[in-house]
Structure formats: structure tokens, C-alpha cells
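*Asks:* Dropping the sequence and predicted coords here.
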Amino acid sequence: MKLFLTATLAVLAMSGCQYDPYASEFAEIEPAAESVVGVYVPDPRTKKLIAETGGYVKTDSAVQLMADGTVVFQSIPDWWNTSFGRPKGGFDSGEGTWKVSKMQRWWGVALLFDSTAAFSSMESPGGLDTGIMLVGNEPPYKLHFTVGDPDSGAAMQFERAAGPKQLDGAPSP
């Protein structure tokens, strides 16, 4: 009986633990801002997730982090920023600012959008101050968008696009 009680308490304790299955991949070494600059597009796993699990129509999603601190979102599936990661079927686009930032014990990209008028994920237009994690401890990094509860393991990862690229409508670097 004592063994059963101990085992039951251990299971209950573990089930209450929160764990993001990607946490071991997040950057633990501060990257130089210039090593993060670039255009990022969904990796193959994310493209499949967006279409099959999210049910989104195919589009050219991308994030551009510019050397002057400008960030441009182009058609990012809205579920990264909705309640419980529920896909609304729309996309977030817009321009804001970014900087490398410490997030708990990891490094990520702090994002600030003064306007979210072109964000499907937002109930009403306004500003957004948020962040996304960096994956890897050396370039090329990936951008990690958690979808809903981090414990669920649902996430989009964007990898650096090959070759020089600039998003349409982005200010010149």
C-alpha cells in the first residue's frame, strides 16, 4: 500500500509539471544582433503543420529582421497569437521593431508592433509587445513561435532563407 501511495503521488507530481518540449533547443548563449538579421521562412515541418493541422491556405509566410531594428511580418498564421493556439484561418502582417532579449534563461527576439491593424489574431487594432524564442546557440538560428500552450508541443519554426532576400514592401536595409 505504501508503494502504491508513493507511486501515485509521484505520477500526480509529474503530471503537474510544465515542460516545453523545445526548451532544450532554445538559445542559451547571447547572440550578436547582426547574426540574427535576415529573412526567415517556415521550415518543412512547419509548412506541413500550417496546412494539415492549422488548415491554413498556402501562402508565402516570412519574417524579416533588419539590421536597423525593423521587423516585417508577412502572412504569419494567426494561431501563434490567439487564445489557446486556435487557428482563425487568417494571417498576421505588419511592421514593428525587434531586439535580442533574454527570456528567462534563454535568448529570443523581443517584438514591438505599434499597430496590429493587419493582424487577424488581434480582436481590435492596437499595439503588441511580445517575443519569440531563438533556436540554436550559433547561426543560422531559427525563430520559434509557440502555438497555444507550450506543453502541447505545437510550434512553428522559421529558418533563415537561403541567399539575399527582402520582403515586398519592406524598407530598404
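*Replies:* Received it, and whenever you're ready, just let me know what you need. Since the model is a prediction, treat every value here as computed from it, not as a measurement. Residues are numbered from 1 along each chain as shown.
*Asks:* Can you name every helix or strand that the lengthiest strand in the chain contacts?
*Replies:* Longest strand in the chain by number of residues (criterion: DSSP state E): strand 91-103. Applying 3 or more CB pairs under 8 Å, 6 or more residues apart in numbering; DSSP states H and E, we find strand 91-103 packed against strand 70-77, strand 106-113, strand 128-135. Every C-beta, even on glycine, is put in place using the N, C-alpha and C of the backbone.
*Asks:* number of nearby residues for Ile132?
*Replies:* Close neighbours of Ile132, defined as other CB atoms under 10 Å, add up to 24.
*Asks:* Tyr141 is in contact with that one, correct?
*Replies:* No - look at Ile132 against Tyr141 with CB atoms under 8 Å: they stay out of range, at 10.8 Å.
*Asks:* Give the rounded mean pLDDT of stretch 30-42.
*Replies:* Summarised as a single mean, pLDDT over stretch 30-42 is 98.
*Asks:* buried residues in it?
*Replies:* 31, 36-42 (16 or more other CB atoms under 10 Å).
*Asks:* Could you export the helices and strands packed on strand 91-103 as CSV, including mean pLDDT and distance to Thr146?
*Replies:* As requested, the helices and strands packed on strand 91-103 are exported to CSV (pLDDT from 0 to 100; distance: least, CB to CB, whole Å):
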stretch, mean pLDDT, distance to Thr146
strand 70-77, 98, 13
strand 106-113, 98, 11
strand 128-135, 97, 8
